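Peer 1: Let me see the structure of the following:
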Amino acid sequence: MKDLLLHELRRAGPAAWAGPPALLATGLGLAVLGPALNLREGLAGMFILGLLQGAFPLTAGVAAASLVRDDAAELLHSLPGGFRRTLFRRLAVLVAMASAGALVLTLTAVLTGHADRWGGDPLTQLTWFGPLLGLTGLGFCLTAGMRSAAAGGTVITLVWGIQLVADWGIPWFLRLFENAVPAADWLPNRLALLSLGLALVVLAWFMYGRAERFLGRESE
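Peer 2: Numbers count the residues shown, from 1 in each chain. Modelled structure (predicted):
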């Protein structure tokens, strides 16, 4: 089982197996070396929060959009349910990898005091989970609908970038960054993103059931 999961992680692509560790290493460096770097008070915490609610979800979303790429897609399609099961196994490994990295960084931020910038209660520390699952589900579903990993990843990046620079016209329950969400709506917003991600994953389950739609297009 361990070998299978490691294989699926490698096949998921660099964004899945290299992205979360790289972001984690960056965050740990800021958390531990912040004082030595003479960063302004609270600046390291702000950067760590940016990694958690911005970089981790974006990386997971782009990686989820590229999971369809597989040189053995036709072989998988010949097996009963093989194509869809393989993709969802990779999706589970991706979410676990990204969530583990974000969780370790969150615990480090709490222990070093940097997490005080975005609240002290345990629920608030998981501010990254809603955006992460929301963008992951969106990326996975977009590729199923558009039949192009490149197009799915591009849309994910555009959605993330637009919300990064402006929040006008975006309903509060779809906003990724907590500074754009009224305090009273924070929990409903995170739950809405979480529910959206789960709903899109369920939708993708049915869309990926027709594997023949993707044969010959995995590398686009």
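Peer 1: shaky segments in the chain?
Peer 2: Scanning the chain for pLDDT under 70 picks out 1-5, 7, 9, 11, 36, 38, 40-41, 69-81, 117-121, 211-220.
Peer 1: Where do the helices of it begin and end?
Peer 2: Under the criterion DSSP state H, the chain contains helices at 2-11, 14-17, 19-33, 43-50, 56-65, 73-78, 82-112, 122-125, 129-146, 149-165, 186-207.
Peer 1: could you say what helices and strands the fifth one packs with?
Peer 2: Contact partners of helix 56-65 among helices and strands, from 3 or more CB pairs under 8 Å, 6 or more residues apart in numbering; DSSP states H and E: helix 14-17, helix 19-33, helix 82-112, helix 129-146, helix 149-165. For every residue, glycine as well, the C-beta is placed using N, CA and C.
Peer 1: and the ones you listed as a markdown table, adding distance to S195?
Peer 2: Formatted as a markdown table, the helices and strands packed on helix 56-65 follow (distance: least, CB to CB, whole Å):
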| stretch | distance to S195 |
| --- | --- |
| helix 14-17 | 24 |
| helix 19-33 | 23 |
| helix 82-112 | 15 |
| helix 129-146 | 9 |
| helix 149-165 | 17 |
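Peer 1: Need the winner for burial among those helices.
Peer 2: With neighbours defined by mean count of other CB atoms under 10 Å, none of the helices and strands packed on helix 56-65 is more surrounded on average than helix 129-146, at a mean of 26.
Peer 1: Now do it: which elements does it pack against?
Peer 2: With contacts defined as 3+ CB pairs under 8 Å, 6+ apart, the packing partners of helix 129-146 are helix 56-65, helix 82-112, helix 149-165, helix 186-207.
Peer 1: In CSV, could you pull the C-alpha coordinates for the third one?
Peer 2: Coordinates of each C-alpha in helix 149-165 appear next as CSV, following Å, rounded to 0.1, in the frame of the first residue of the first chain:
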residue,chain,number,x,y,z
ALA,A,149,-5.1,20.1,-17.7
ALA,A,150,-3.5,23.3,-19.0
ALA,A,151,-6.8,25.1,-19.2
GLY,A,152,-7.9,23.9,-15.8
GLY,A,153,-4.7,25.1,-14.2
THR,A,154,-4.9,28.5,-16.0
VAL,A,155,-8.5,29.1,-14.7
ILE,A,156,-7.4,28.2,-11.2
THR,A,157,-4.5,30.7,-11.3
LEU,A,158,-6.8,33.4,-12.7
VAL,A,159,-9.4,32.9,-10.0
TRP,A,160,-6.7,33.0,-7.4
GLY,A,161,-5.0,36.1,-8.9
ILE,A,162,-8.2,38.1,-9.3
GLN,A,163,-9.2,37.5,-5.7
LEU,A,164,-5.7,38.4,-4.6
VAL,A,165,-5.9,41.9,-6.1
